[in-house]
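Participant: give me coordinates for this.
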Amino acid sequence: MTKMRIAAVSIVLVLAVGQLFAQQVDPAQTPKLPRPAPKLTFADRVKQYLQRIGAAADDSKSGPDMVVSNYAEGRGGKITIVLVNDRRRNLMGFYIYNFGSLKGVANREEVYKYLLAANDSITIGSFFVDGDDDIGYKYLVSSAQSMNQAAFEYAYITMSAVARERKPEIKKLIGAVSDKDEKPPDVKKAAEEKPPGD
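Facilitator: Here you go, the predicted model:
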C-alpha cells in the first residue's frame, strides 16, 4: 500500500513538473503590448472637450495652463469663457468677464444686492467683483480627479446660459449702454495674457 502511495505521488509530481514546463512561454513569442497613449496636457484635454460642444479655443491667447474659448450664443453673439488650471490650489476655474465695471457707478449697493441674489438663484458658480472693480462670474472645480466630458459640458453650457441671462440686467444696473463702451482690462478682455486672480 505504501508502494502504491509512493508511486501515485511520484506520478503526480512528474505530471505537475511536466505541466509547469509546458506552460512556460518563450519570451520571444510574447505579444508586444501597445504603449499607453501619452497623457494629455490640461490645454489639450480642454480643447478636445471644447471641440465636442462646438466651442472654439483661441490659441493666440491660450497657454499651457489657460485656455481662452469662445462659445457662439444665439443672436450672433459670443461668450468668452477662460479655463484656468490652478496647479497651486489644485483647481480648474471657469471665468467669464465683460459684464462691466463698478468704477464710477453710483448705485454700487444695488449692484451688489443683485449679484448676491443672483448667486443664490444660480445652479453653479458665483458672481464676484475683483480688485479692479470688474464684475466676473466664476466656477471652480477640484482638479484632483480629471473632469469628464459630461461634467465639463454641463459646467460650460450652464455658465454660458447664466451669463447670457444675467448680463443685460447687470449692464442696466451699472449704466453701461453696450459692450463697446467698455475697455476690458488685460485678463478680462478674453484673458489675453495672464489667468484671472481671485
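
Participant: can you tell me the closest non-neighbouring residue to residue 139?
Facilitator: residue 125 (3.5 Å; CB to CB, 6 or more residues apart in numbering). C-beta: built from backbone N, CA, C; applies to glycine.

Participant: likewise for residue 55?
Facilitator: Spatially, and ignoring its direct neighbours in sequence, residue 55 is nearest to residue 71 (4.4 Å; CB to CB, 6+ apart).

Participant: all the helices of this structure, in order from the start?
Facilitator: 2-23, 42-53, 108-121, 149-174 (DSSP state H).

Participant: now tabulate those helices in TSV and tack on mean neighbour count and distance to residue 32.
Facilitator: Conversion of the helices of the chain to TSV gives the following (neighbours: other CB atoms under 10 Å; distance: least, CB to CB, whole Å):
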stretch	mean neighbour count	distance to residue 32
helix 2-23	9	21
helix 42-53	17	26
helix 108-121	14	55
helix 149-174	17	31
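
Participant: mind putting these into CSV with distance to residue 135?
Facilitator: Conversion of the helices of the chain to CSV gives the following (distance: least, CB to CB, whole Å):
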stretch, distance to residue 135
helix 2-23, 70
helix 42-53, 24
helix 108-121, 7
helix 149-174, 6
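
Participant: make JSON lines out of these and add distance to residue 96 and mean pLDDT.
Facilitator: Listed next are the helices of the chain as JSON lines, based on distance: least, CB to CB, whole Å; pLDDT from 0 to 100:
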{"stretch": "helix 2-23", "distance to residue 96": "61", "mean pLDDT": "62"}
{"stretch": "helix 42-53", "distance to residue 96": "15", "mean pLDDT": "93"}
{"stretch": "helix 108-121", "distance to residue 96": "13", "mean pLDDT": "95"}
{"stretch": "helix 149-174", "distance to residue 96": "5", "mean pLDDT": "94"}
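
Participant: which stretch among the ones you listed comes nearest residue 65?
Facilitator: Smallest distance to residue 65 across the helices of the chain (CB to CB): 5.9 Å, for helix 42-53.

Participant: what is the closest one packed up against?
Facilitator: Packed against helix 42-53 by the contact rule (3 or more CB pairs under 8 Å, 6 or more residues apart in numbering; DSSP states H and E) you find strand 56-57, strand 66-72, helix 149-174.

Participant: between strand 66-72 and that helix, find me the angle.
Facilitator: Counting by axes from the mean of the first three to the mean of the last three CA atoms, to 10 degrees, helix 42-53 lies at 10 degrees to strand 66-72.

Participant: for stretch 93-107, measure first residue to last.
Facilitator: This stretch, stretch 93-107, spans 29 Å end to end (CA to CA, to the nearest Å).

Participant: before we move on, what about stretch 75-90?
Facilitator: First-to-last residue span, stretch 75-90, CA to CA: 37 Å.

Participant: list the contacts of that stretch.
Facilitator: Counting contacts by CB atoms under 8 Å, 6 or more residues apart in numbering, the residues outside stretch 75-90 that touch it are 42, 46, 55, 64-73, 92-98, 142-144, 156, 159-160, 163-164, 187, 190-191, 195-196.

Participant: how about it: buried residues?
Facilitator: For stretch 75-90, a neighbour-count test (16 or more other CB atoms under 10 Å) marks 79, 80, 81, 82, 83, 84, 85, 86 as buried.
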